[in-house]
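Novice: Turn this into a model:
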Amino acid sequence: MILTRILDHKKAELRRKQSRGYLSSLKTRIADQPTPRGFINALKGGRSETAPALIAEVKKASPSQGLMRPEFQDQFNPVDIAKQYYDAGAHALSVLTDQEFFQGSLDFLASIKGAVDLPTLNKEFMVGDIQFYEARAYGADCILLIVAGLDRIQLEDFFVLSTELGLDALIETHNEQELDTVLERIPKARLIGINNRDLNTFSTDLGVTERLSQRIPADKLIVSESGIHTRDHVVRICEAGAQAMLIGESLLRAQCIEEKIRELLPKSTIVCEEPTGSRWV
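Specialist: Below you'll find the predicted structure:
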């Protein structure tokens, strides 16, 4: 499974970074960073009755899709993409920083944070403490915890560490078992992601959001991830109770990012009914 390959590579990366000097340099850099912007608050303020808040993703490539656009081989400008997202009305950003599988970089994150006034998720595969200090040092406001890639002790410890560093945490689930683990082990979690992508087949099914959202208490904010390409998809997850959505591929492959975002987020096309049990927070 690709996730196992990625996690194994991450652990090898971290072994090369384990030095007191490196951690010390990160802490020095953190001291010069401003207080993280409220990622969760931005999503709460961005959602509406007609659409979830938009987390727009800056991603050069993926293991399953390769380069998002052929020209990214020689002309990939993460800051320009982030600025287009900002101008088009995105409420937050997600930045891939894994180099081996996604051709990302922590420098992409730092450059974007220096140029675009939006809270930003460090989209990374977290397997060790040092990565949280890296995220904070390079300007992240939120980190990702993938339940499928962590044991329960790691999940709890990493959530505590992110809180101590002032970072919000998006906790990503794929099925009922993972969701139950989050609700049981991290009751203080406020931001729960539902990834519609099957980690084995890479196929997507928005029914995952529809199914899992019904199990999530009303004090949590739901982020639907993957497989969101059309206005109908947006309507579907909105009606299921998602208050935010993370979109990368359909935006990056569009001829015009601004037009694509207008297609997905028109001002007054539908009204999402409040789901039974008052899913809105």
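Novice: Report the buried residues of the longest helix belonging to the chain.
Specialist: The residue-count maximum for a helix in the chain (DSSP state H) belongs to helix 2-17. Within helix 2-17, the residues scored as buried using 16 or more other C-beta atoms under 10 Å are I6, L7, H9, K10, E13. Placement of C-beta: from N, CA and C, glycine included.
Novice: Now the element after it, going C-ward?
Specialist: Note on helix 2-17: by DSSP states H and E, the next helix or strand toward the C-terminus is helix 20-31.
Novice: pLDDT (mean, whole number) over that following helix?
Specialist: Averaged across helix 20-31, pLDDT comes to 93.
Novice: in the following helix or strand past it, what's buried?
Specialist: Remark: after helix 20-31, the chain's next helix or strand is helix 39-46, criterion DSSP H and E. Residues of helix 39-46 classed as buried: F39, I40, A42, L43, K44, G46 (neighbour count, 16+ other C-beta under 10 Å).
Novice: Tell me how far the fifth one lies from I146.
Specialist: Distance check for K44 against I146: by C-beta to C-beta, to the nearest Å, it reads 23 Å.
Novice: Quickly name whichever of the buried residues of helix 2-17 is closest to T50.
Specialist: Nearest to T50 among the buried residues of helix 2-17 is I6, at 35.9 Å by C-beta to C-beta.
Novice: any idea of the pLDDT on that closest one?
Specialist: 94.
Novice: doesn't D98 make contact with it?
Specialist: Yes. The pair I6 and D98 passes the contact test of C-beta atoms under 8 Å, sitting 7.2 Å apart.
Novice: residues shared between the contacts of the two?
Specialist: F125 (C-beta atoms under 8 Å, 6 or more residues apart in numbering).
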